[in-house]
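In: Predicted model follows, preceded by the sequence.
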Amino acid sequence: MKYYSKGLFTSLCGLVFLAGQVNAGSLEELQTLNSSSPEDYGKVYDKDLASATAGAAAGMTQQQLKQLMLQDLDSVRNMIAARYAPAGWKAEQYGWDLDAEIRKAKDQVNASASFSVKEYQQVLRTLMNSMKDYHVSVAFHSTEVAVLPLGITYADGRYFISSVNRKALPESAFPFREGDEITAFDGKPIAEVVAALERQAGMDNIRNTDAGMTAMIGLTVRVGAMGESVPQGPVTISIKPAGGAEAVPFQLQWRYIPELIPQQPFVSKTARVRIPMSWLSMMALQTPYAAEGTQASYTLGDKAGFLPDFGEKLWQSPAENTFRAYVYRSPASGRNIAFLRLPTYTVEDPSKAAGDFAALIPEFNQRADALVIDQTNNPGGIVFYLYALASMLTDAPLTVPRHYISLTQADIAESVNFLKGTAGAKSDEEAKAILGPDLAGYPVSLELLKNWTAFHVEVMKQWSSGRTMTSPLPVFGIAAVQPSPAVRFAKPILVLTNPMDFSGGDFFPAIMQDNKRAVIFGERTAGAGGVVKDYKQQNSLLGVETIKLTATIAERADGRPIENLGVSPDIPYAVTAADVQGGYAGYIKAADAAVSGLLR
């Protein structure tokens, strides 16, 4: 008996970085393709479809196109009504009303005599952002991208250079560096530009997270697949060097990758292995890559992170290990403290990464009195992998959040198939024969399989009772993460968080805080509190590829949702301008004092 556990991770474990859609070939190859004649486009994408429908697309009137948009909005409305789990919470918290938002979108379509597909895509983007949900998004078929060769970060209400692509901007031509302040962008005050970008996107969620996302991505990376307007040519920014009195203007060039997909039907033919309710396995944010060649320490999921070493290093992990880890001597207490960078829960080989993590635990146990986990800028990822790491940081079971799960007939059909395919297992060996030796590093056992089976039975019972939204259930039947049978770290832990922690980046500190296993330091997390599910839009003249909706809403041990509320720190600390420009000296001093305080 074989169960497609592998497909769960080969198809879902990676974050979907939209800019990656155009990185399959070089910029030169894309430019060559763009110079092809129009009839060549069908050869690149879908020859038969392109030729069969070209006449229909060309012959569509504006009124027919608008009618198509209105029908598409009805379809989107029905999809959201059926599957968006946090709808009730959003109505209670923000007064959000799906039908009212659909009417607004339709009014925008109807208000213009000439409404383009690109304008419709921006309307859909605004509709998705009206939910104030970082999981929810819409993606379009587009290759158009523009990037600037530097990174920007937000702190203390101001904006600073966080990284520079020195291949594109050598120091001789661009004498500015990390920590220098950007005061103006494209001839306007930068705060005004950020506010305009947020308005265009319909962003109005968590202030520091919105500002951080716009600084990290919106200012320097524009992606057509996200429904954004993509600029070309020069842009002037004003930069005030750290310690300087006045800002200096500097002209940059957008690195532009052209649009290669004409506005015509486009069919994605990517095959995916389906397993029962596999979408429950992912808690991750969708976001573009940083510009190629940029120093990535500020980007989401970066291995090194943006924090310098906390003190004199006494030991560090091998370079080939998945994790940046070391032991330092605390300036505050003189004690030995371990430091671990936990950048993401989405990795290419979760089993190997979990093994690398396990290899660090004996070193921490032997060499350190406490552990600092840097989980800042973590976009989330695979639930089982997160559980696998948490299992090695405790000597007692860790209760995990439960989820209200939206259901359709498709989920019930998958539950039925799962129960049929896993029946009869009576030992750990038989469970491993079905599921594999581990699930993203989390050990497989008969107990895990029985809990998983009970989860699907309960889902079917609730559906049969007339429910389309379950009562709070543990995802895959795992109500508590059991301590690892192999290695465990049981000494004090300090977890560093910030507003750029999403999804799994919300759940890990929530689990550690709810179980009193760690103290949380820094700023509150983003509050992306559920599991995201993709809905493919096929054969659309409007260019819509995928809509992502939050199909569950998680509830913490005290009954509070994570959605929009995030995880508040036990020890608050907001990054300051002085931190960004001064090597985070104040931040590190405060965090070191906090972890030292756990040893008293």
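Out: All right, it came through fine.

In: And the strands in the stretch 401-550 of the chain?
Out: 402-405, 438-439, 442-443, 480-481, 493-497, 519-522, 532-536, 544-550 (DSSP state E, counting those that start in this stretch).

In: Pick out the shakiest of those, pLDDT-wise.
Out: Among these, strand 532-536 carries the lowest mean pLDDT, a mean of 86.

In: quick revisit: right, and the strands of the stretch 401-550 of the chain - which one's nearest Trp315?
Out: Closest approach to Trp315 among the strands of the stretch 401-550 of the chain (Cβ to Cβ): strand 493-497, 18.0 Å. Using the backbone N, CA and C atoms, a C-beta is placed for each residue, glycine as well.

In: Mind naming the longest helix for this structure?
Out: Looking across the chain with DSSP state H, the single longest helix is helix 62-83.

In: closest to Ile361 out of the strands of the stretch 401-550 of the chain?
Out: Among the strands of the stretch 401-550 of the chain, the nearest to Ile361 by Cβ to Cβ is strand 493-497 (12.1 Å).

In: list the buried ones in that closest one?
Out: Neighbour-count burial for strand 493-497 flags Ile493, Leu494, Val495, Leu496, Thr497 (criterion: 16 or more other Cβ atoms under 10 Å).

In: And for stretch 482-491?
Out: Neighbour count says stretch 482-491 has Gln482, Pro483, Ser484, Val487, Arg488, Phe489 buried, by 16+ other Cβ under 10 Å.

In: Test my guess that the fifth one contacts Pro362.
Out: No. Under the criterion of Cβ atoms under 8 Å, Arg488 is not in contact with Pro362, lying 10.1 Å apart.

In: about what we covered before: which one of the buried residues of stretch 482-491 sits closest to Leu219?
Out: So of the buried residues of stretch 482-491, ranked by how close each gets to Leu219 (Cβ to Cβ), first place is Phe489, at 39.1 Å.

In: can you pull the contacts of that closest one?
Out: Neighbouring residues of Phe489 by Cβ atoms under 8 Å, 6 or more residues apart in numbering: Ile361, Phe364, Asn365, Leu371, Met392, Leu393.

In: Weed out the non-buried ones from the residues you listed.
Out: Using 16+ other Cβ under 10 Å, the buried members of the contacts of Phe489 are Ile361, Phe364, Leu371, Met392, Leu393.

In: Which two of those residues have the greatest separation?
Out: Leu371 and Met392 (11.1 Å).

In: you'd agree Gly380 is up against Met500?
Out: No. Checked against Cβ under 8 Å, the pair Gly380 and Met500 is beyond contact range at 11.0 Å.

In: could you dump the buried ones among the contacts of Phe489 to CSV with pLDDT and secondary structure?
Out: Listed next are those as CSV, based on pLDDT from 0 to 100; DSSP: H, G, I helix; E, B strand; the rest coil:
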residue, pLDDT, secondary structure
Ile361, 98, helix
Phe364, 98, helix
Leu371, 98, strand
Met392, 98, coil
Leu393, 98, coil
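
In: Out of those, which comes closest to Lys90?
Out: Closest to Lys90 out of the buried ones among the contacts of Phe489 is Leu393 (33.0 Å), distances taken as Cβ to Cβ.

In: got the contact list for the closest one?
Out: Leu371, Arg488, Phe489, Ile493, Met512, Arg517, Ala518.

In: thinking the fourth one is in contact with Ile373, fair?
Out: Yes. At 6.2 Å, Ile493 and Ile373 qualify as touching, with contact defined as Cβ under 8 Å.

In: which residues are in contact with both of the two?
Out: Ala518.

In: next one: phi and psi at Pro572?
Out: Main-chain dihedrals, Pro572, degrees, to the nearest 10: phi -70, psi 140.

In: how distant is the helix or strand containing Ala578 from the center of its chain?
Out: Here Ala578 is covered by helix 577-581, with elements defined by DSSP states H and E. Centroid separation between helix 577-581 and its chain, computed with Cα atoms, centre = their mean, to the nearest Å, is 26 Å.

In: C-terminal to that helix, what's the next element?
Out: The helix or strand immediately downstream of helix 577-581 is helix 585-597, counting by DSSP H and E.

In: Quick one: mean pLDDT over that following helix.
Out: Mean per-residue pLDDT for helix 585-597: 98.

In: Can you mark which positions in that helix are buried?
Out: Residues Tyr587, Ile588, Ala590, Ala591, Asp592, Ala594, Val595, Ser596 are the ones in helix 585-597 that count as buried (16+ other Cβ under 10 Å).

In: just stretch 384-394 next, same as before
Out: Phe384, Tyr385, Leu386, Tyr387, Ala388, Leu389, Ala390, Ser391, Met392, Leu393, Thr394.

In: Now tabulate these in a markdown table and tack on secondary structure and distance to Glu198.
Out: Shown next, in a markdown table, are the buried residues of stretch 384-394 (DSSP: H, G, I helix; E, B strand; the rest coil; distance: Cβ to Cβ, whole Å):
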| residue | secondary structure | distance to Glu198 |
| --- | --- | --- |
| Phe384 | helix | 35 |
| Tyr385 | helix | 32 |
| Leu386 | helix | 30 |
| Tyr387 | helix | 35 |
| Ala388 | helix | 36 |
| Leu389 | helix | 34 |
| Ala390 | helix | 34 |
| Ser391 | helix | 39 |
| Met392 | coil | 39 |
| Leu393 | coil | 37 |
| Thr394 | coil | 39 |
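
In: could you dump these to CSV with distance to Val575?
Out: Below are the buried residues of stretch 384-394 laid out as CSV (distance: Cβ to Cβ, whole Å):
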residue, distance to Val575
Phe384, 32
Tyr385, 27
Leu386, 25
Tyr387, 29
Ala388, 30
Leu389, 25
Ala390, 26
Ser391, 31
Met392, 29
Leu393, 25
Thr394, 29
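
In: where do the strands sit along the stretch 1-150 of the chain?
Out: Here the stretch 1-150 of the chain has its strands, by DSSP E, counting those that start in this stretch, at 137-140, 145-147, 150-155.

In: wait, which of the ones you listed is closest to Ile190?
Out: Using Cβ to Cβ, these put strand 150-155 closest to Ile190, at 8.5 Å.

In: Kindly export the closest one (C-alpha atoms) in PDB.
Out: Taking C-alpha atoms only, strand 150-155 is exported to PDB below (Å, rounded to 0.1, in the frame of the first residue of the first chain):
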ATOM      1  CA  LEU A 150      19.200  47.900  -4.000                       C
ATOM      2  CA  GLY A 151      17.000  47.000  -1.000                       C
ATOM      3  CA  ILE A 152      15.100  49.300   1.300                       C
ATOM      4  CA  THR A 153      14.000  48.700   4.900                       C
ATOM      5  CA  TYR A 154      11.600  50.600   7.200                       C
ATOM      6  CA  ALA A 155      12.300  51.600  10.800                       C
END
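
In: State the next helix or strand along the chain beyond that strand.
Out: Scanning forward in sequence from strand 150-155, with DSSP H and E defining helices and strands, the next element found is strand 158-164.

In: what about that next one, distance to the chain center?
Out: 21 Å.

In: And for stretch 129-149?
Out: That offset, for stretch 129-149, works out to 12 Å (Cα atoms, centre = their mean).

In: For that stretch, give the mean pLDDT please.
Out: 93.

In: for stretch 448-466, same thing?
Out: 95.

In: Can you pull out the low-pLDDT segments for the protein?
Out: 1-60, 262-296, 538-540 (pLDDT under 70).

In: ok, now with 50
Out: Within the chain, the stretches with pLDDT under 50 are 1-58, 264-275, 288-296.

In: Endpoints of stretch 89-104, how far apart?
Out: In stretch 89-104, first residue to last residue: 21 Å (Cα to Cα, to the nearest Å).
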